[in-house]
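>>> Need coordinates for the below:
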Amino acid sequence: MPILVYLMRNMRKIILSILLTLVGNSLFAQAELPFSQRETTYDRRDGASLTLTILTPKNANGKGIISLMSGNFVSDYNSFTAYRERALPFVRHGYTVFLVMHRSAPRFALPDMLEDVQRAVQFVRYHAADYNIDPARLGITGTSSGGHLALLTALSKDVADPISKDPIAKVSTRLQAVAVFCPPTDLLNFGRTDYNLAADKPTLVKVGVLGAFGYTNWDSATRTYIPIDNLQQRRKIDSLMSPAQVAGKNAPPTFLMHGDKDPLVPIQQSQTLATRLHYLHVPVKLVVKPGAAHGWKGMDEDEHEFNAWFDLHLR
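Now for the predicted structure:
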């Protein structure tokens with residue numbers, strides 16, 4: 001069965017499977033390792049608060065990991081417990097983890113989500129002393145759309161604005177390491193050369209992610225957001241929203257883990273990015289999980305490999 005047909009028919013089952021996988025083996029694993037937890041607002045946009053939750057281990061190592069609460073381009077607080085459980089391997093290892101929420105589809109599009117995650121990086125780095133972490137030792141992680149946004153944040157250009165009146169906006173968005181599961185990386189070549197997933201509206205509708213690609217421009221005359229219909233302009237944004245397209249020689253060391261039977265995000269996506277980073281002489285590692293789909297049992301155990309990667313590149 002073609003990948004996209006399978007994807008359309010089984011989307012709800014796939015997403016449910018991923019969320020169940022996120023929960024892991026125990027909903028009370030936090031009892032095994034004392035840590036503090038607190039939530040804070042890292043920005044306010046469109047009249048709403050954007051929040052992150054800080055998990056600080058008792059024996060913190062002074063380094064931080066931003067973990068994105070994102071699945072299907074939605075940041076859902078109802079899944080908080082699952083994302084927290086998934087973060088515990090990092091916490092047990094001594095990392096202070098920041099569980100970040102972002103604006104979500106269908107109301108907001110990918111550029112908005114990227115803007116939020118970049119702001120979260122700046123906020124965490126600006127307040128690094130408050131969290132007892134080194135601002136120069138900050139990694140990022142995520143799964144599926146969370147992995148996509150993590151890579152996009154890590155590989156896009158630094159948005160620090162040295163002349164801004166906002167002190168947080170002056171802070172760098174550069175990250176020192178990234179480790180992700182099964183991420184989309186190239187919207188312009190999704191699964192095969194020259195297939196632009198973002199331009200395939202019928203498929204996006206059937207999958208339920210059309211809103212994430214609803215790019216708009218601000219019209220100051222009408223004070224409204226106007227949909228972008230120009231194909232050339234949309235393709236440019238598609239490129240900017242593709243980690244493999246924006247990656248440069250200053251990209252941080254990148255770890256990718258992907259199942260070779262993934263029906264939702266083809267393994268070709270991780271292979272494409274790995275090839276690009278290798279060409280740029282950026283440290284990159286791709287681990288292929290034989291027979292694994294989009295999410296698999298034991299992903300929390302696989303995060304120990306992420307810990308080793310962060311240990312190496314955040315030292």
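
>>> Quick one: residues contacting residue 173.
By C-beta atoms under 8 Å, 6 or more residues apart in numbering, the contact list for residue 173 reads 118, 121-122, 153, 156, 158-160. For glycine as for every other residue, the C-beta is placed from the backbone atoms N, C-alpha and C.

>>> change it to 10 Å
Residues in contact with residue 173, defined by C-beta atoms under 10 Å, 6 or more residues apart in numbering, are 114, 117-122, 125, 138, 153-154, 156-160.

>>> SS state for the residue lying farthest from the centre of the chain?
Using C-alpha atoms, centre = their mean, the residue of the chain lying farthest from its centre is residue 221. It sits 34.4 Å away. With DSSP: H, G, I helix; E, B strand; the rest coil as the basis, residue 221 sits in coil.

>>> Nearest to residue 242 among the contacts of residue 173?
Nearest to residue 242 among the contacts of residue 173: residue 156, at 10.2 Å, using C-beta to C-beta.

>>> and that closest one, how many neighbours does it have?
Neighbours of residue 156 under the rule other C-beta atoms under 10 Å: 19.

>>> and it, what is it in contact with?
114, 117-118, 173, 240-241, 243, 246-248, 251.

>>> Neighbour-wise, give me the winner out of these.
Result: residue 243 is most packed of the contacts of residue 156 (other C-beta under 10 Å), 30 neighbours.

>>> Surely residue 302 touches residue 295?
No. Residue 302 is beyond contact range of residue 295, at 11.1 Å (criterion: C-beta atoms under 10 Å).

>>> pLDDT-wise, which helix or strand of the chain ranks last?
The weakest-scoring helix or strand in the chain, judged by mean pLDDT, DSSP states H and E, is helix 3-23 (a mean of 55).

>>> Please verify my assumption that residue 66 contacts residue 116.
No. Using C-beta under 10 Å, residue 66 is not in contact with residue 116; the gap is 11.6 Å.

>>> Mutual contacts of the two, please.
Common neighbours of residue 66 and residue 116 (criterion: C-beta under 10 Å, 6+ apart): 100, 153.

>>> Residue 302 and residue 295 - which one has more neighbours?
More crowded of residue 302 and residue 295, by other C-beta under 10 Å: residue 295, with 23 against 16.

>>> measure that one to residue 122 for me?
Separation of residue 295 from residue 122 (C-beta to C-beta, to the nearest Å): 30 Å.

>>> List the residues that contact the nearest residue in space to residue 35 that is not next to it in sequence.
Spatial nearest neighbour of residue 35, chain neighbours left out: residue 57 (4.8 Å); criterion: C-beta to C-beta, 6 or more residues apart in numbering. Residues in contact with residue 57 (C-beta under 10 Å, 6+ apart) are 33-36, 88, 90-97.

>>> One more: residue 100?
42, 50-53, 66-70, 75, 83, 116-117, 119-121, 123-124, 140, 142, 146, 149-150, 153.

>>> is it in a bridge, and if so with what?
Beta-bridge pairing for residue 100 (DSSP bridges): residue 52, residue 68.

>>> Ends of stretch 257-265, what's the gap?
With C-alpha to C-alpha, to the nearest Å as the measure, stretch 257-265 spans 12 Å from end to end.

>>> again with stretch 228-244
End to end - C-alpha to C-alpha - stretch 228-244 spans 23 Å.
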